[in-house]
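Asker: I'd like to go over a predicted model; first the sequence, then the structure.
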Amino acid sequence: MAAPHVTDDVPHDECGVFGIFAPGEEVSKLVYLGLFALQHRGQESTGMAVSNGYRTMVFKDMGLVSQVFNESALNSLTGYLAIGHDRYSTTGSSEWSNAQPTYRELPGDGRRKGGLSLAHNGNLTNTNELSAWLEERTGEQLLKYEMDSTNDTQLVTALLASYGNDIDAGLAEVLPRLAGAFSLVLMTEKKLWAARDRHGVRPLVLGKFGDGWVLASETCALDIIGAQFVREIAPGEIIRVDEDGIHSSTFAKPEPKGCIFEYVYLARPDSVIADRQVQMVRERIGRQLAIEHPVDADMVMATPASGVPGAIGYAKQSGIEYGTGLVKNAYIGRTFIQPTQTMRQLGIKMKLNPIPEAIKGKRLVIVDDSIVRGNTQRAIIKMLRQAGAKEVHVRISSPPVTWPCYYGIDFSTREELIAPDKTTEQIAREIGADTLGYVSLDGMAECVDLPKSQLCAACFSGNYPIQIPSHAPRACGD
Ligand SMILES: O=P(O)(O)OC[C@H]1O[C@H](OP(=O)(O)OP(=O)(O)O)[C@H](O)[C@@H]1O
Ligand SMILES: NC(=O)CC[C@H](N)C(=O)O
Ligand code: SF4
Ligand SMILES: [Mg+2]
């Protein structure tokens with residue numbers, strides 16, 4: 001059940017995140033649109049906190065944006081200042097209590113109580129230390145202490161709330177002590193903040209909306225409400241928006257390590273990250289893939305949806321005709337970001353269906369952006385063979401994923417990945433492909449066209465540029 005949380009006092013003050021400060025506007029419908037545009041970043045739960053300057057209402061529930069919010073819910077969420085979140089769980093299970101935005105009451109003065117609402121994309125890697133620090137500061141144990149079971153976002157909210165109404169002081173002390181990845185938006189009844197970890201692992205952008213300001217994980221969420229892109233929030237930067245305007249400060253020296261997987265899979269192709277149009281990066285990687293792994297074939301086809309730009313690039317470079325061999329059900333989202341293996345496997349069956357006439361008797365090149373657990377390619381190749389494909393040559397627009405991600409993508413053990421300790425031929429046999437080719441790490445990074453030193457590619461290389469949890473496995477030689 002959706003649970004509105006209302007603080008009713010008078011004045012006081014990867015997942016996808018969204019924030020807006022637009023005096024004179026009713027913003028809940030704009031937040032809805034922004035969250036809708038960011039749905040590809042998280043499909044498990046969604047929510048928003050909205051303030052009219054005096055009190056905050058938080059409304060969140062399990063499910064998609066279109067399932068959780070309806071007209072009457074949006075009409076009841078009145079106010080000009082809001083944040084929102086689409087969740088894809090990485091730390092803390094997929095359940096209502098971990099849905100975001102998180103909310104904490106602040107002490108306030110007298111009856112003027114207020115609250116802190118916060119939404120987080122990323123994943124923290126020192127939750128043990130942070131739990132201990134919270135206990136030291138407040139005597140509070142957030143959850144029964146257990147490795148990995150403390151929701152990282154709740155910890156940040158509790159730590160910041162322990163500074164009372166002085167959120168700026170809290171941010172200045174708490175943010176430098178967070179390890180891992182975080183793109184945050186947070187608000188009290190009158191002010192909106194955003195902050196990005198010093199590595200800028202996850203994207204976060206600033207836009208202008210009339211006289212107001214918007215924050216969003218990706219530029220596609222600015223486009224949908226007609227906001228103008230202003231700039232990215234810099235790694236290590238804090239932005240505050242209030243009635244006096246916008247204010248920027250720095251809490252740490254930037255050391256960029258943007259997630260390369262955003263370009264490969266996570267972000268929407270119509271978004272722009274670090275001045276790079278994601279669609280164009282993916283097409284370039286497809287071209288590179290054709291150069292590195294050519295094959296004689298009759299048709300190049302994509303694994304919908306994220307494999308499409310790479311397949312276009314592969315077809316253009318190879319000169320092999322591009323065709324559609326699989327139809328995607330338009331009413332189903334991403335399968336990889338589902339929280340359980342059963343849901344991921346079922347999802348693929350519901351999502352993709354072959355077109356036998358288009359593929360029968362053909363030598364196919366099937367392009368996808370990545371193979372992680374192998375669910376998608378295993379299922380698709382079976383479908384294509386049953387539909388009469390003569391040969392199936394799989395080409396992948398990223399190198400083998402061989403190491404877990406601790407910075408906001410949910411593959412946290414090596415055991416769940418298909419590629420570790422296997423040759424490409426072994427993986428090809430396991431998924432049932434005639435041949436398999438992965439683009440090289442250098443080739444992929446060149447297509448992103450940023451210095452390798454400014455990117456995280458740890459899930460491909462095992463070289464973690466940012467602290468990982470103390471219990472995590474390390475790459476050989478580390
Ligand atoms: O090897 P796996 O474990 O199956 O994971 C990789 C697959 O998952 C993703 O697709 P997804 O269905 O999530 O989203 P998409 O529709 O954007 O391609 C990705 O694009 C690959 O197809
Ligand atoms: N994918 C994410 O950004 C997840 C955010 C946060 N770590 C959570 O699990 O809720
Ligand atoms: S480990 Fe992989 S998915 Fe995680 S932040 Fe680095 S590049 Fe991105
Ligand atoms: Mg896919």
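Answerer: Right, received. Where do you want to start? Numbers count the residues shown, from 1 in each chain. Ligands and ions are numbered 1, 2, ... in the order given.

Asker: Please count neighbours and contacts with C-alpha atoms only from this point.
Answerer: OK.

Asker: For the stretch 51-200 of the chain, which residues are neighbours of ligand 2?
Answerer: 87-92, 120-123, 152-153 (CA under 6 Å from any ligand atom).

Asker: Out of the residues you listed, name the ones that lie in helices.
Answerer: Under the assignment DSSP state H, those contribute 152-153 to helices.

Asker: Distance to Val394 and pLDDT added to the residues of the stretch 51-200 of the chain next to ligand 2, as TSV?
Answerer: Putting these into TSV (distance: CA to CA, whole Å; pLDDT from 0 to 100) gives the following:
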residue	distance to Val394	pLDDT
Arg87	31	96
Tyr88	28	91
Ser89	30	88
Thr90	29	86
Thr91	33	82
Gly92	35	82
His120	36	97
Asn121	32	97
Gly122	31	96
Asn123	32	95
Asp152	38	91
Thr153	38	93
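
Asker: Closest to Ser412 out of the residues of the stretch 51-200 of the chain next to ligand 2?
Answerer: In terms of CA to CA, no member of these lies closer to Ser412 than Thr90, at 8.5 Å.

Asker: Touching, that closest one and Pro404? I think so.
Answerer: No - Thr90 is not in contact with Pro404 according to CA atoms under 8 Å; the separation is 11.7 Å.

Asker: Pull up the pairing partners for the strand of greatest length in the chain, direction included.
Answerer: For the chain, the strand with the greatest residue count under DSSP state E is strand 112-124. Here strand 112-124 is paired, per DSSP bridges, with strand 102-109 (antiparallel), strand 180-187 (antiparallel).

Asker: For ligand 1, which of the ones you listed is the nearest?
Answerer: strand 180-187 (21.2 Å; CA to the nearest ligand atom).

Asker: So what touches that closest one?
Answerer: 17-19, 82-83, 116-126, 192-197, 199-204, 215, 217, 406-408, 466-468 (CA atoms under 8 Å, 6 or more residues apart in numbering).

Asker: which of those count as buried?
Answerer: 17-19, 82-83, 116-126, 192-197, 199-204, 215, 217, 406-408, 466, 468 (16 or more other CA atoms under 10 Å).

Asker: In helices only, show me the residues you listed.
Answerer: Per DSSP H, the subset of these in helices is empty.

Asker: How about the residues of the protein by ligand 1?
Answerer: Listed as neighbours of ligand 1 in the chain under the rule CA under 6 Å from any ligand atom: 265, 304-306, 334-337, 368-376.

Asker: Could you double-check that Gly115 lies in contact with Tyr103?
Answerer: Yes - in this structure, Gly115 is within contact of Tyr103 by CA under 8 Å, at 6.8 Å.

Asker: quick revisit: the longest strand of the chain vs ligand 3: in contact?
Answerer: No - residues of strand 112-124 are not located near ligand 3 by CA under 6 Å from any ligand atom, the shortest gap being 8.7 Å.

Asker: Do you have the helices of the stretch 351-478 of the chain handy? List them.
Answerer: Listed in chain order, the helices of the stretch 351-478 of the chain (DSSP state H, counting those that start in this stretch) span residues 356-359, 375-386, 424-431, 441-448, 458-461.

Asker: returning to what we had before: in the next helix or strand after the longest strand of the chain, what's buried?
Answerer: Tracing the chain C-terminally past strand 112-124 and defining elements by DSSP states H and E, one meets helix 127-138 next. Within helix 127-138, the residues that count as buried by 16+ other CA under 10 Å are 127-128, 130-131, 133-134.

Asker: ditto for stretch 411-423
Answerer: Buried residues in stretch 411-423, counted by 16+ other CA under 10 Å: 411-412, 414, 416-419.

Asker: contacting residues around it?
Answerer: With CA under 8 Å, 6+ apart, stretch 411-423 has contacts from 371-374, 400-406, 427.

Asker: end to end, how far does that stretch reach?
Answerer: End-to-end distance for stretch 411-423, by CA to CA, to the nearest Å: 20 Å.

Asker: From the chain's centroid, how far away is that stretch?
Answerer: Distance of stretch 411-423 from the chain centroid (CA atoms, centre = their mean, to the nearest Å) equals 21 Å.

Asker: picking that back up, turn the contacts of stretch 411-423 into TSV, columns for distance to ligand 3.
Answerer: Shown next, in TSV, are those (distance: CA to the nearest ligand atom, whole Å):
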residue	distance to ligand 3
Ile371	12
Val372	11
Arg373	14
Gly374	16
Pro400	11
Val401	8
Thr402	10
Trp403	7
Pro404	6
Cys405	4
Tyr406	6
Ile427	20
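
Asker: give the contact list for Ser217.
Answerer: By CA under 8 Å, 6+ apart, the contact list for Ser217 reads 16-18, 38, 183, 202-205.

Asker: and with 10 Å instead?
Answerer: 14-19, 34-35, 38, 41, 85, 120-121, 183-185, 202-206, 232-233, 267, 271, 273 (CA atoms under 10 Å, 6 or more residues apart in numbering).

Asker: show me where pLDDT drops low in the stretch 351-478 of the chain?
Answerer: For the stretch 351-478 of the chain, the stretches flagged by pLDDT under 70 are 473-478.

Asker: switch the cut-off to 80
Answerer: 412, 471-478 (pLDDT under 80).

Asker: now the strands for it?
Answerer: 352-354, 363-368, 391-396, 435-438, 455-456 (DSSP state E, counting those that start in this stretch).

Asker: helices or strands up against the first one?
Answerer: The one in question is strand 352-354. Judged by 3 or more CA pairs under 10 Å, 6 or more residues apart in numbering; DSSP states H and E, the packing partners of strand 352-354 are strand 326-328, helix 375-386.
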